[in-house]
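S.K.: pasting the sequence and the predicted model now:
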Amino acid sequence: QVQVAESGGGLVQAGGSLTLSCELSGRASADYVMGWFRQAPGKERTYVALINEKGDRTYYSDSVKGRFAISRDDAKSTVYLQMNNLEPEDTAVYYCAADRVLTLTTFYNYWGQGTQVTVSS
């Protein structure tokens with residue numbers, strides 16, 4: 001059974017940086033597309049960044065392009081989200097997701113419990 005678990009959220013000032021981690025267990029992570037989504041209070045969950053199984057293709061939402069970077073280390077079964085130049089608008093619960101099919105929608109089979117990121121102005 002595939003499980004994913006996030007870590008690394010917290011409180012940071014605007015302009016600061018955070019790195020989120022997500023570990024996949026139960027299967028070889030190299031078989032899975034992995035990604036990050038976020039959900040702010042009262043808003044829908046939307047995709048932030050995705051990385052394909054090989055790690056040679058990445059996708060970013062327009063709102064984070066140039067500031068966030070997704071990467072993976074399948075030896076550690078872990079995907080990372082490096083977040084730089086954070087803005088108050090980045091405040092949300094961040095979720096890790098995994099599946100065998102890449103999609104920009106939220107149709108992923110495996111989700112973590114979420115980690116809170118709060119950016120103060």
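M.R.: Structure's in. What do you need?

S.K.: at the geometric centre of this protein, which residue sits there?
M.R.: Of all residues in the chain, the one closest to the mean position by CA atoms, centre = their mean is residue 36, 2.3 Å from it.

S.K.: residue 69 and residue 77: what is the separation?
M.R.: Summarising the geometry, the distance separating residue 69 from residue 77, computed by CB to CB, to the nearest Å, is 19 Å. From N, CA and C alone the C-beta is placed, and that goes for glycine too.

S.K.: so for these two, which sits in the more crowded spot?
M.R.: Each of residue 69 and residue 77 has its neighbours counted (other CB atoms under 10 Å); residue 77 has more, 19 against 16.

S.K.: neighbours of the closest residue to that one other than its chain neighbours, how many?
M.R.: Once its chain neighbours are removed from consideration, residue 77 has its nearest residue in residue 29; the separation is 4.1 Å (CB to CB, 6 or more residues apart in numbering). In terms of burial, residue 29 registers 23 neighbours under the definition other CB under 10 Å.
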